[in-house]
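Colleague: 3D, please:
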Amino acid sequence: MTDKMRAALTGGVTLGLLSSIPPISFMNMCCCVWVIGGGALASYLYVRRSPEPVLLGQGAELGVLAGVAGTIVSHSIGIPLGLILGNSFNQFLLKAFQNFNPQVAEEVRKQVEIAQAQTFAQKLPVILATAAFNSIIYIAFATLGGLLGVKLFEKRQMTINNAAPPPPPNFG
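Modeller: Here you go, the predicted model:
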């Protein structure tokens with residue numbers, strides 16, 4: 001396995017786990033912090049092991065790979081957990097709304113009852129649509145994290161020996 005794949009998988013598994021564990025996953029509501037962090041972690045790990053300076057394009061690639069891996073991990077854990085713990089979580093939300101906003105609590109109670117009455121076949125389209133939407137968000141924000149990671153962690157400068165060749169002269 002290449003260093004790039006190892007870094008991307010580590011970042012992806014980290015973002016997937018943190019994004020799928022219910023109490024911890026709420027931090028993703030704060031600007032997708034775990035997703036961006038997973039992409040940045042992938043860049044950090046790759047920058048640390050790379051013998052040459054890492055370019056922004058490589059950071060974006062690491063972020064995309066971490067986002068794909070994170071999506072797979074997050075959905076593999078999060079969807080079954082959601083199905084198993086869904087009713088308990090809905091009751092938790094209902095109690096929270098009763099304490100903080102009693103007017104909204106009644107509407108939440110109605111929605112919880114509707115959700116609990118649904119069969120798996122009725123829930124499946126929502127689960128799949130949410131998974132597709134989350135996949136796009138995870139890949140996009142992990143890519144951003146990969147770019148940010150290179151900007152934050154790559155301190156080496158390009159030199160003549162590792163710089164890209166100059167463009168061909170313009171004969172026009």
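Colleague: only C-alpha atoms for contact and neighbour calcs from this point on.
Modeller: OK.
Colleague: gap between stretch 57-64 and the chain center?
Modeller: On the basis of C-alpha atoms, centre = their mean, to the nearest Å, stretch 57-64 sits 14 Å off its chain's mean C-alpha point.
Colleague: would you mind listing the buried residues in it?
Modeller: Residues 58, 59, 60, 61, 62, 63, 64 are the ones in stretch 57-64 that count as buried (16 or more other C-alpha atoms under 10 Å).
Colleague: which helix is the longest one in the protein?
Modeller: Assignment by DSSP state H gives helix 56-100 as the longest helix of the chain.
Colleague: next, the angle helix 56-100 makes with the helix or strand following that helix.
Modeller: For helix 56-100, the following helix or strand on the C-terminal side (DSSP states H and E) is helix 102-117. For helix 102-117 against helix 56-100, the angle by axes from the mean of the first three to the mean of the last three C-alpha atoms, to 10 degrees is 110 degrees.
Colleague: which elements pack onto helix 102-117?
Modeller: If you count contacts as 3 or more C-alpha pairs under 8 Å, 6 or more residues apart in numbering; DSSP states H and E, helix 102-117 packs onto helix 56-100.
Colleague: low-confidence ranges in this protein?
Modeller: Within the chain, the stretches with pLDDT under 70 are 160-167, 171-172.
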